[in-house]
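Undergrad: Pasting a predicted model and its sequence here:
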Amino acid sequence: MSGVLAGMRVVEVSAFVAVPFAGTTLAHLGADVIRVDPLGGGIDANRWPVTEDGTSLYWNGLNQGKRSVALDLATEEGRETARRLATAPGEDAGILITNLAPGWLDLGDLRARRPDLIAVVLRGNPDGSIAVDYTVNAATGFPAVTGAGPEPINHVLPAWDLLAGSLVVTAVLAAERHRSRTGEGQLVELSLADVALAAAGHLGFLAEAEVNDADRPALGNDVYGQYGRDFATSDGRRVMVAAFTPRQWRALVDATGTRAAMAALARRLGADFDDEAARFAARADISAILRPWFARRPLADVRAELDRHGVLWGPYQTFRQLLAEDPRASTANPLFSRIDQPGAGAHLSPGSPLRFGGLGPGSARPAPVLGEHTAAVLAELLGE
């Protein structure tokens, strides 16, 4: 292992997104992450997307760089082996991350075996009841302001899973720092629901509802409180443009040659478009002025002109278009390399987006085959 966390050993008992994402994040940074699964795989072993022969690209992507141990967790012998792995000796070991916390993985027992154990446990709801990203998101209010109509719209990105996974990593690093100073272990608990609710609070959504006694409307692709809008190009593509600052606003106006029209609109409305609230209030009229400029030009010409003027913008693109057209999603970006993933073949894969000085980004490594490292890990750590 290489990376800033080289030497750290983490045992992961998990499923779905958040904790597997945390584990692969730690692995990309150099930690030895050992994922423990039941024989035949856990409940996420075959989750879509899959290849034609059924190999889970989802599982592979969330388990890169780990070592895989498969145990018969239906038996006491297999469960005891998992407990021994979680509490195996080592100055930088004794770290467990889980979002399952099954009854046989009793945290009190584990801490009795190893008092300096660091255990990070992610639950669905803070009371321990089950929840997943999609049920949590439905209750937070975000689907009500997604889309443009009266019906709630779920977003596809499992944002709360990813944010929770990042907080699991944060918890591991904070607890390990505390242990290195004091020798004390930690039990860190968090819930997916609390992660989402904290985000809604920090971003002002909850205060807005309470203080203003109002629900934010669903605005489609308009950016709330700023000017941002999508436009169609002449060749059937779409772009998103935004102007959050006076400089960005002037760049957009100059690139589209609409300075005179925007000045006339500002005079008619008695508005100062250097003010972001004024731009937001006039967004429909502003977009009506800008729309023909985009509609007359193909994406290539739009790109050239917007880039020349330093406009804040981005193209809409499918995942296949991203791979075909965007150099950031290629080996030209140090984030990516091509790996030979068993069951899926060679494909582009990311390492860590963090870059630590001369170490560079964490290199992508294939996910293990289920149970691939069972014998080696049991021999190395337990002498079996």
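TA: Great, that's in hand.
Undergrad: Isn't Asp254 up against His309?
TA: Yes - here Asp254 reaches His309: they are 5.4 Å apart, a contact under Cβ atoms under 8 Å. The C-beta positions use only the backbone N, C-alpha and C, and glycine is treated the same way.
Undergrad: For the lengthiest helix in the chain, give me every contacting residue.
TA: Secondary structure of the chain read by DSSP state H shows that its longest helix is helix 159-182. For helix 159-182, the external contacting residues (Cβ atoms under 8 Å, 6 or more residues apart in numbering) are 8, 10, 16-22, 25-26, 92, 95, 97, 116, 118, 120, 122, 133, 136-137, 184-186, 188, 190, 192, 195-196, 199.
Undergrad: Show me where the protein dips below the pLDDT cut-off.
TA: The chain contains residues with pLDDT under 70 at 1, 358-362.
Undergrad: can you give me the helices in the stretch 51-200 of the chain?
TA: Assigned by DSSP state H, counting those that start in this stretch, the stretch 51-200 of the chain shows helices spanning 57-61, 76-86, 107-113, 133-140, 159-182, 192-202.
Undergrad: Make TSV out of these and add distance to Arg259 and mean neighbour count.
TA: TSV is the format used below for the helices of the stretch 51-200 of the chain (distance: least, Cβ to Cβ, whole Å; neighbours: other Cβ atoms under 10 Å):
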stretch	distance to Arg259	mean neighbour count
helix 57-61	47	19
helix 76-86	65	17
helix 107-113	64	14
helix 133-140	41	18
helix 159-182	38	18
helix 192-202	37	18
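Undergrad: Same list (those) but as a markdown table, adding distance to Gly40.
TA: Formatted as a markdown table, the helices of the stretch 51-200 of the chain follow (distance: least, Cβ to Cβ, whole Å):
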| stretch | distance to Gly40 |
| --- | --- |
| helix 57-61 | 13 |
| helix 76-86 | 12 |
| helix 107-113 | 25 |
| helix 133-140 | 25 |
| helix 159-182 | 24 |
| helix 192-202 | 26 |
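Undergrad: The nearest residue to Gly310 once chain neighbours are set aside: what secondary structure?
TA: Using Cβ to Cβ, 6 or more residues apart in numbering and skipping residues adjacent in sequence, the residue nearest Gly310 is Ala251, 5.0 Å away. Reduced to three states with DSSP: H, G, I helix; E, B strand; the rest coil, the structure at Ala251 is helix.
Undergrad: Give the burial count for Ala251, as a bare number.
TA: 20 (other Cβ atoms under 10 Å).
Undergrad: Please pick the buried ones from the contacts of helix 159-182.
TA: Neighbour-count burial (16 or more other Cβ atoms under 10 Å) is assigned, among the contacts of helix 159-182, to 8, 10, 16-22, 25-26, 92, 95, 97, 116, 118, 120, 122, 133, 136-137, 185-186, 188, 190, 192, 195-196, 199.
Undergrad: For the residue lying closest to Ala148 once chain neighbours are set aside, give its distance to Leu203.
TA: Spatially, and ignoring its direct neighbours in sequence, Ala148 is nearest to Gly220 (3.4 Å; Cβ to Cβ, 6+ apart). For Gly220, the distance to Leu203 (Cβ to Cβ, to the nearest Å) stands at 19 Å.
Undergrad: For the spatially closest residue to Ala175 that is not a sequence neighbour, which residues are in contact?
TA: In this structure, Ala175 finds its nearest non-sequential neighbour in Gln186, 3.9 Å apart by Cβ to Cβ, 6+ apart. By Cβ under 8 Å, 6+ apart, Gln186 lies in contact with Ile118, Ala119, Ala175, His178, Arg179.
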